[in-house]
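**Student:** based on what follows, work out the 3D shape:
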Amino acid sequence: MSLRDEVERLLPGWRRWYPSLFDAARDLGLIRAQVCSPDSLLLSNRHAPIRRDAEYAHRERWGGQAEEPRADQPRKRRRKNR
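**Tutor:** All right, here's what the predicted structure looks like:
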């Protein structure tokens, strides 16, 4: 059952009192905010396991070693196009 169907079932005519479906669902207790750490909101952190699995599958299929970040190598600078 969708959120809209659930709100309609519990509160028919919710549109007269609420500006959005989410406001009605929040007041009915169907959805609620969760406190989480700011680190969990970063997409890079959230997608890290997926990226790691993809890299592993790629190495399994095509071979190669895992890339280790090396601190002793200076970063390459881009040349300006003039």
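**Student:** model confidence for Asp27, exactly?
**Tutor:** Note on Asp27: pLDDT of 94.
**Student:** neighbours around Ala24, how many?
**Tutor:** Neighbourhood size, Ala24 [other CB atoms under 10 Å]: 22. For the C-beta atoms, the positions are set from N, CA and C on the backbone; glycine is no exception.
**Student:** contacting residues for it?
**Tutor:** If a contact means CB atoms under 8 Å, 6 or more residues apart in numbering, then Ala24 has Val7, Leu11, Trp14, Trp17, Tyr18 as its contacts.
**Student:** need the pLDDT of the last one.
**Tutor:** Per-residue pLDDT puts Tyr18 at 96.
**Student:** can I have the buried ones of the contacts of Ala24 as a PyMOL selection?
**Tutor:** Per 16 or more other CB atoms under 10 Å, the buried members of the contacts of Ala24 correspond to this PyMOL selection:
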select buried, resi 7+11+14+18
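**Student:** of the contacts of Ala24, closest to Gly63?
**Tutor:** Among the contacts of Ala24, Val7 lies closest to Gly63 (CB to CB), at 53.0 Å.
**Student:** excluding its backbone neighbours, what's nearest that closest one?
**Tutor:** Sequence neighbours aside, Ala24 is the residue nearest to Val7 in space, at 5.0 Å (criterion: CB to CB, 6 or more residues apart in numbering).
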